[in-house]
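Colleague: Need a 3D model of the following:
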Amino acid sequence: RLVGSEMCIRDRMRVTRRELCQAAQLRERHSVMLRPIATASATIAAMLTGMVIASADELVHGSIMWTTSVKRSEPRTPPQSAAASAIAAAIIATGAAMIRSQMRPSPVCEINLHPQARATGPSNHAARPMVWIKTSGLGTSKERALLAVFTGWKNKVQCMAYSLDRGRSWTKHPMNPILRHADRDPKVFWYEPDSKWVMIVYGPPGRSYIFFGSKDLKRWEKLSTFPDMYECPDIFRLPLDGNRKQMKWVLSDGNGSYVIGQFDGTRFRTEQKKEALDYGFNFYATQTWSDVPKDDGRCIQMAWMRGGKFPDMPFNQQLTFPCFLSLRTVRDKMILCRYPVREIANLYRKEHSWKNVTASHGNTLLENIKGDLFDIEVEFDPGQSDALGFKIHGKDVQYTTKTQAVVSCRTHPMKLVSPNGLVHLRILVDRTSIEVFCNRGAITGANCVLPLKNGPPPKLYINGGDAIIRSLKVREIKSIWPKNITR
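Modeller: Next up, the predicted model:
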């Protein structure tokens, strides 16, 4: 099952192979280690991040595909104008797909981002492609339908499009709009106990989520309303402290803030007040993958790093690194935790490690570190120090002993309480972002940064007295982009 990133694209651009190669060369100099996405004015970036098209075999193996209407030179059924402009970089959530991107070369590629039909207007963001239960009646004996639910911007109604060729072309459903409730951001999921689809839409009354139910995705009935939530709804189930006998539902909004409770197929009931998920400046429109294989079972989330600046770079916007979610009891509260997926280990180039080291002001522990992409993991006892921090891309990620808080890139303080007196930090350093995970994801901060030209690698500093480093690992990271991308 696919999950589409959130964006609204209304431009038209013709991209040649030569232009792609030129853009790829720029990208190799400037691009992030992972996950740039495209917005309205960055179609070339979309080509670089989402790829033009992927074959059926490649989909099975987890390639990333660009699902906007595409015309290619080889014989193929002409694509239909549809909601694909709102689907954009759809991702198959299997194995290395979360950390690898591949370019699908084409002699000449023309991306037509057509205006939508007058009845619904252009597609708004939040289309969610899905293929699973045969309830739509749109599939064939050879191909199940891939469906996308999206908002028609003109009247802010909910619509559906379908693909019978695995996302290469899209056709609007003749019954559109399938739901006339005003506003946007449909989240659709299958509720197994009642054998029905549930759609959550942001909109009136006030800032609310409205729940609807349907057996066939075409006829919907209102189920309930949940107040005080804003844009980009998401919902998923997680076990508390790993105990599958204590399953909880999590309902999150645009900035990742969430409530925890129970959902009975009709109404969401909270068991705890709303909590913040991320304390960084660049974290929005969170979405999770659906239908992760049962033998894996993880709930994996990405977010749009809204507000980042990328001057003179061949892309516009990026996503956070994929993280798996868990529910943990922290100080008698249920806390949603985020932590990088294990597949990042496939990108490690070289690891430097230290154990049980007393670090002082002016230390040179990291003097032999090279590169600009890192996965840093440290556990330390503050000891007599006033602060322990890392200088990265000219920015500070610092723990202050007096306040017991971490501040990354001058954002909101992340208050930590460590029962054993130890502080654990995980820092992902990309070329245009720094993501911090405190105490194994109990509190996080995602921030965009501008890299320093020929800037130094990270530096560890200690203020005041000594700190005791129980464990420090600095992993140099490879780019996700293959070296032959400009061929």
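
Colleague: ok, and the closest non-adjacent residue to Ile235?
Modeller: Leu251 (5.1 Å; CB to CB, 6 or more residues apart in numbering). From N, CA and C alone the C-beta is placed, and that goes for glycine too.

Colleague: Let me see the contact set for that neighbour.
Modeller: 209, 226, 229, 233-235, 258-261, 263, 268 (CB atoms under 8 Å, 6 or more residues apart in numbering).

Colleague: pLDDT wise, what is it at?
Modeller: The model reports Leu251 with a pLDDT of 98.

Colleague: Kindly format the C-alpha coordinates of the strand or helix carrying Ser353 as PDB.
Modeller: Secondary structure assignment for Ser353, by DSSP states H and E: strand 348-359. Output in PDB follows, covering the C-alpha atoms of strand 348-359 (Å, rounded to 0.1, in the frame of the first residue of the first chain):
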ATOM      1  CA  TYR A 348      27.100   3.700   7.100                       C
ATOM      2  CA  ARG A 349      30.500   4.300   5.500                       C
ATOM      3  CA  LYS A 350      32.700   4.300   8.600                       C
ATOM      4  CA  GLU A 351      32.200   4.300  12.400                       C
ATOM      5  CA  HIS A 352      34.300   5.900  15.100                       C
ATOM      6  CA  SER A 353      33.500   4.900  18.700                       C
ATOM      7  CA  TRP A 354      34.600   5.700  22.200                       C
ATOM      8  CA  LYS A 355      33.600   4.200  25.600                       C
ATOM      9  CA  ASN A 356      34.000   5.500  29.200                       C
ATOM     10  CA  VAL A 357      35.900   8.600  28.300                       C
ATOM     11  CA  THR A 358      36.300  11.700  30.500                       C
ATOM     12  CA  ALA A 359      35.900  14.700  28.200                       C
END
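
Colleague: quick one: terminal-to-terminal distance for stretch 233-247?
Modeller: Taking CA to CA, to the nearest Å, stretch 233-247 runs 20 Å from one end to the other.

Colleague: List the buried residues of it.
Modeller: 233-236, 238, 240 (16 or more other CB atoms under 10 Å).

Colleague: What is the nearest of those residues to Gly445?
Modeller: Using CB to CB, Asp234 comes nearest to Gly445 of the buried residues of stretch 233-247, at 19.8 Å.

Colleague: how close does the nearest residue to that closest one once chain neighbours are set aside get to Arg328?
Modeller: Nearest non-adjacent residue to Asp234, counting by CB to CB, 6+ apart: Ser252, 4.8 Å away. For Ser252, the distance to Arg328 equals 16 Å [CB to CB, to the nearest Å].

Colleague: between the two, who's got more neighbours?
Modeller: When neighbours are counted by other CB atoms under 10 Å, Ser252 comes out ahead of the other of Ser252 and Arg328, with 26 against 17.

Colleague: Does the more buried one touch Ala285 like I think?
Modeller: No. Applying CB atoms under 8 Å as the test, Ser252 and Ala285 come out as separate, 10.5 Å apart.

Colleague: Run a quick neighbour tally on Asp278.
Modeller: Asp278 has 25 neighbouring residues, counting by other CB under 10 Å.

Colleague: Tell me how far it lies from Ser224.
Modeller: In terms of CB to CB, Asp278 sits 27 Å off from Ser224.

Colleague: Kindly report the same for Val157.
Modeller: Applying CB to CB, the value for Val157 to Ser224 is 20 Å.

Colleague: higher neighbour count, those two?
Modeller: A count of neighbours by other CB under 10 Å puts Val157 above the other of Val157 and Ser224, at 22 against 17.

Colleague: Excluding chain neighbours, give the residue nearest to Pro239 in space.
Modeller: Per CB to CB, 6+ apart, closest to Pro239 is Met247, 5.6 Å.

Colleague: I'd guess that neighbour is in a helix, am I close?
Modeller: No. Counting by DSSP: H, G, I helix; E, B strand; the rest coil, Met247 falls outside a helix, being strand.

Colleague: ok, it touching Leu238?
Modeller: Yes. Using CB under 8 Å, Met247 is in contact with Leu238, at 7.2 Å.

Colleague: returning to what we had before: looking at the buried residues of stretch 233-247, which one is closest to Asn176?
Modeller: Ranked by distance to Asn176 (CB to CB), the buried residues of stretch 233-247 are led by Pro233 at 20.9 Å.

Colleague: got the contact list for the closest one?
Modeller: So Pro233 contacts 185, 187, 200-202, 209, 251-253 (CB under 8 Å, 6+ apart).

Colleague: The same query, at a cut-off of 10 Å, please.
Modeller: By CB atoms under 10 Å, 6 or more residues apart in numbering, the contact list for Pro233 reads 126, 185-187, 199-202, 209-211, 226, 251-254, 286-287.

Colleague: now do Gly254
Modeller: Counted by CB under 10 Å, 6+ apart, Gly254 has contacts 6, 185, 202, 229-234, 283-286, 303-304, 306.

Colleague: Kindly recompute the last result at 8 Å.
Modeller: 230-232, 284-286.

Colleague: Same question for Asp234.
Modeller: Contacts of Asp234 (CB under 8 Å, 6+ apart): 187, 251-252, 286-288.

Colleague: Centroid-nearest residue for this protein?
Modeller: Met302 (1.8 Å; CA atoms, centre = their mean).

Colleague: Need the residues that contact the helix or strand where it lies.
Modeller: Taking DSSP H and E as the definition, Met302 sits inside strand 299-304. If you take CB under 8 Å, 6+ apart as the criterion, strand 299-304 is touched by 5-6, 35, 37, 93, 98, 236, 238, 256, 278, 283-289, 292, 317, 319-326, 338, 341, 446.
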